[in-house]
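In: sequence-free structure coming up:
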């Protein structure tokens, strides 16, 4: 069953890229290759170190380590383990699993988003469509690689259908506000995030249009791994969060918008972007990007990740919650962890698609 | 072994994303009456499903016969979660719902009841009906546990049959008892306050 779907997807992809190109089209490779394994191995190593550091910190007396900060650190590390596990499980079990797992993350994030934003009785049916039609459909289109469909379905068709359905339900109170809430939820949690697994569909090339191959001799030429590129992207965004936080703690003086988020400073932002650019360049061997290209892309990803965190902070402050996790206690705040990924994914996808595919 | 109950509980929890918090109290298998605000037809099912397994097996939710007894599917589900169906329309004089509940629980089971009677459509919680008072008067040994159910009315509002899977939260508060000499109005008011207080903890 799964293979059938993958085959259909591959066939459709082959159709969408007719043979007019100068080189032989190579099907996107969605599995891990040696370089990705090295990248993954280093990340797992870092996570193991972080885990033991966290454990050691937890046993420290309160005088040496702030228990709240240690708690946050351990929580973060646990979230990264989970993220890593999802990505690895997806890569090992195949393309369809990866798309489905991203779909479930979207579903959960949307659940948190809508739970936090008050809706009215009249929105019930619309919400039902949002959760059970638009969200799965978006990931079906991504899974099939139907670029024309997954890029316009939510911003055009869902955005028109949502207000219409709410109007039919007959409740005019705060109409525009309610429509905007549902549209924003769909756009951020579902549409934007779905661009991350969509990376797996691209036939990656280098910026001069040659297929992205490992090895220099023709016999050893293997296509580079899209899965590795996705992993590279998630890694950059997560590291960017850490760098922004770390630089903010070290040098932070000028808070950007104290009402929105008191811990985001210009120093943290600039330090974070520069550090992410450095790491992105150093890891460019896992991507089809040249070093300077990787630096630029990492900079854009870092800035978008920052924009995502700020936007979600704004929404949270408006609703008077600190974390989505504490909104309904006991739930890990998925949205807290993926807000920056959501904002960076479409930009990273489009840059890659335009220049490297 | 009957798997219907655990499977049903799992599905209900998955759908409602329910978390149960024990505020200033602990889960226990002793006989208790959980009394909660009523916001959705799913209240009884989801609160029952969220209780820890051993407690769940010993807890019987009181649910409306006119909803859960309407068709075979609902009757099947109601039987699976051990619902005690109470007829809201015709309350017989010789067998009041309170006597029925007391007869059903014996010395073993706990109850989940919704003292508001009907579901609450407004934001504000309604006044409590007197059942809770008579129940604790006849069985003063039962621990009365207030429960506040948050957000479940958005999962399945009145008149809808398709649920939207939002996240819900239920908070159980410390037990109360009927004080000696406390009259009905004062007790019901105190019980209602005990539920409302959990809204902000």
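Out: It's in. As the structure is a prediction and not an experimental result, all values here were calculated from the model. Numbers count the residues shown, from 1 in each chain, chains lettered A, B, ... in the order given.
In: Please enumerate the strands of chain B.
Out: Listed in chain order, the strands of chain B (DSSP state E) span residues B:19-22, B:32-36, B:59-64, B:84-86, B:110-113, B:143-150, B:169-172.
In: residues making contact with the fifth one?
Out: Contacts with strand B:110-113, where a contact means Cβ atoms under 8 Å, 6 or more residues apart in numbering or on different chains, come from B:30-36, B:44, B:47-48, B:55, B:58-62, B:84, B:101, B:105, B:131-132, B:135, B:142, B:147. Using the backbone N, CA and C atoms, a C-beta is placed for each residue, glycine as well.
In: Selection in ChimeraX covering whichever of those are buried, please.
Out: Only the buried entries of the contacts of strand B:110-113 go into this ChimeraX selection, using 16 or more other Cβ atoms under 10 Å in any protein chain shown:
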select /B:31,32,33,34,35,36,44,47,48,55,58,59,60,61,62,84,101,105,131,132,135,142,147
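In: With distance to residue A:180 and mean pLDDT added, can I get the strands of chain B in JSON lines?
Out: Output for these, formatted as JSON lines (distance: least, Cβ to Cβ, whole Å; pLDDT from 0 to 100):
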{"stretch": "strand B:19-22", "distance to residue A:180": "28", "mean pLDDT": "88"}
{"stretch": "strand B:32-36", "distance to residue A:180": "33", "mean pLDDT": "93"}
{"stretch": "strand B:59-64", "distance to residue A:180": "37", "mean pLDDT": "89"}
{"stretch": "strand B:84-86", "distance to residue A:180": "43", "mean pLDDT": "85"}
{"stretch": "strand B:110-113", "distance to residue A:180": "38", "mean pLDDT": "92"}
{"stretch": "strand B:143-150", "distance to residue A:180": "24", "mean pLDDT": "92"}
{"stretch": "strand B:169-172", "distance to residue A:180": "25", "mean pLDDT": "90"}
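In: Rebuild these as TSV, extending it with distance to residue A:136.
Out: Below are the strands of chain B laid out as TSV (distance: least, Cβ to Cβ, whole Å):
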stretch	distance to residue A:136
strand B:19-22	25
strand B:32-36	33
strand B:59-64	32
strand B:84-86	36
strand B:110-113	34
strand B:143-150	27
strand B:169-172	26
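In: List just the one of these that sits closest to residue A:84.
Out: Closest approach to residue A:84 among the strands of chain B (Cβ to Cβ): strand B:19-22, 25.3 Å.
In: The closest one close to chain A?
Out: Yes: against chain A, strand B:19-22 shows contacts by Cβ under 8 Å from any Cβ of the partner chain at B:19, B:21.
In: Just give me how far stretch B:142-152 sits from the chain centre.
Out: 7 Å (Cα atoms, centre = their mean, to the nearest Å).
In: With stretch A:87-107 instead?
Out: Chain-centre distance of stretch A:87-107: 12 Å, with Cα atoms, centre = their mean.
In: With stretch B:137-157 instead?
Out: On the basis of Cα atoms, centre = their mean, stretch B:137-157 sits 4 Å off its chain's mean C-alpha point.
In: ditto for stretch A:125-137
Out: On Cα atoms, centre = their mean, the centre of stretch A:125-137 falls 21 Å from the chain's centre.
In: Now do the helices in chain B.
Out: B:4-16, B:43-50, B:53-57, B:65-68, B:72-80, B:97-105, B:131-138, B:152-155, B:184-197 (DSSP state H).
In: check whether the first one contacts chain A.
Out: Right, helix B:4-16. No: residues of helix B:4-16 contacting chain A under Cβ under 8 Å from any Cβ: none, with a closest distance of 10.5 Å.
In: Show me which positions of that helix end up buried.
Out: Going by neighbour count (16+ other Cβ under 10 Å), the buried part of helix B:4-16 is B:5, B:8-9, B:12-13, B:15-16.
In: Adding pLDDT, write the residues you listed out as CSV.
Out: Converted to CSV, the buried residues of helix B:4-16 look like this (pLDDT from 0 to 100):
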residue, pLDDT
B:5, 85
B:8, 88
B:9, 89
B:12, 88
B:13, 87
B:15, 87
B:16, 86
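In: Residue A:225 is nearest to which of the helices of chain B?
Out: That would be helix B:4-16 among the helices of chain B, by Cβ to Cβ, at 34.0 Å.
In: Contacts for the closest one next, please.
Out: Contacts with helix B:4-16, where a contact means Cβ under 8 Å, 6+ apart, come from B:18, B:42, B:45-46, B:48-50, B:53, B:56-57, B:77, B:80-82, B:152, B:155, B:163, B:165-168.
In: If burial is judged by neighbour count, which of those residues pass?
Out: Using 16+ other Cβ under 10 Å as the burial test, these include B:18, B:42, B:45-46, B:48-50, B:56, B:77, B:80-82, B:152, B:155, B:163, B:165-168 as buried.
In: Can you tell me which residues in the stretch 101-250 of chain A are near chain B?
Out: Residues of the stretch 101-250 of chain A found near chain B (Cβ under 8 Å from any Cβ) are A:111-112, A:114-115, A:119, A:121, A:124-125, A:127-128, A:131.
In: can you tell me which of the residues you listed lies nearest to residue A:178?
Out: Residue A:178 lies nearest to residue A:119 out of these, by Cβ to Cβ, at 6.0 Å.
In: do you know how far the residue of chain B found nearest chain A is from residue A:278?
Out: Of all residues in chain B, residue B:19 sits closest to chain A, at 3.9 Å by Cβ to the nearest Cβ. The gap separating residue B:19 from residue A:278 is 41 Å, by Cβ to Cβ, to the nearest Å.
In: before we move on, what about residue B:86?
Out: Distance of residue B:86 to residue A:278, given as Cβ to Cβ: 68 Å.
In: ditto for residue A:197
Out: 27 Å.
In: Looking at these two, which is more packed in?
Out: It is residue A:197, of residue A:197 and residue A:278, that has more neighbours when counted by other Cβ atoms under 10 Å in any protein chain shown, with 26 against 13.
In: hey, which strand is longest across chain A?
Out: Taking DSSP E as the criterion, chain A has its longest strand at strand A:261-265.
In: quick one: buried residues of that strand?
Out: So, applying 16+ other Cβ under 10 Å, buried residues of strand A:261-265: A:261, A:264-265.
In: wait, residue B:101 sits on residue B:61?
Out: No: counting by Cβ atoms under 8 Å, residue B:101 does not reach residue B:61; the two are 10.9 Å apart.
In: what sits in contact with each of the two?
Out: Contacts common to residue B:101 and residue B:61, judged by Cβ under 8 Å, 6+ apart, are B:84, B:111, B:113.
In: could the residues of the stretch 101-250 of chain A next to chain B be laid out in TSV, adding secondary structure and pLDDT?
Out: Output for these, formatted as TSV (DSSP: H, G, I helix; E, B strand; the rest coil; pLDDT from 0 to 100):
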residue	secondary structure	pLDDT
A:111	helix	90
A:112	helix	88
A:114	helix	90
A:115	helix	87
A:119	coil	84
A:121	helix	84
A:124	helix	91
A:125	helix	92
A:127	helix	94
A:128	helix	93
A:131	helix	95
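In: which residues in the stretch 201-350 of chain A form helices?
Out: Taking DSSP state H, counting those that start in this stretch as the test, the helices found in the stretch 201-350 of chain A are A:226-251, A:266-282, A:291-319, A:324-327, A:334-356.
In: where does the chain have low pLDDT?
Out: Because you didn't say which chain, this covers chain A. Within chain A, the segments meeting pLDDT under 70 span A:1-32, A:62-65, A:214-222, A:321-332.
In: um, chain B though
Out: Residues of chain B meeting the criterion pLDDT under 70: B:1-2, B:89-95, B:118-123.
In: Make a markdown table out of the residues of the stretch 101-250 of chain A next to chain B and add neighbour count.
Out: Output for these, formatted as a markdown table (neighbours: other Cβ atoms under 10 Å in any protein chain shown):
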| residue | neighbour count |
| --- | --- |
| A:111 | 24 |
| A:112 | 25 |
| A:114 | 24 |
| A:115 | 25 |
| A:119 | 21 |
| A:121 | 15 |
| A:124 | 20 |
| A:125 | 16 |
| A:127 | 24 |
| A:128 | 16 |
| A:131 | 22 |
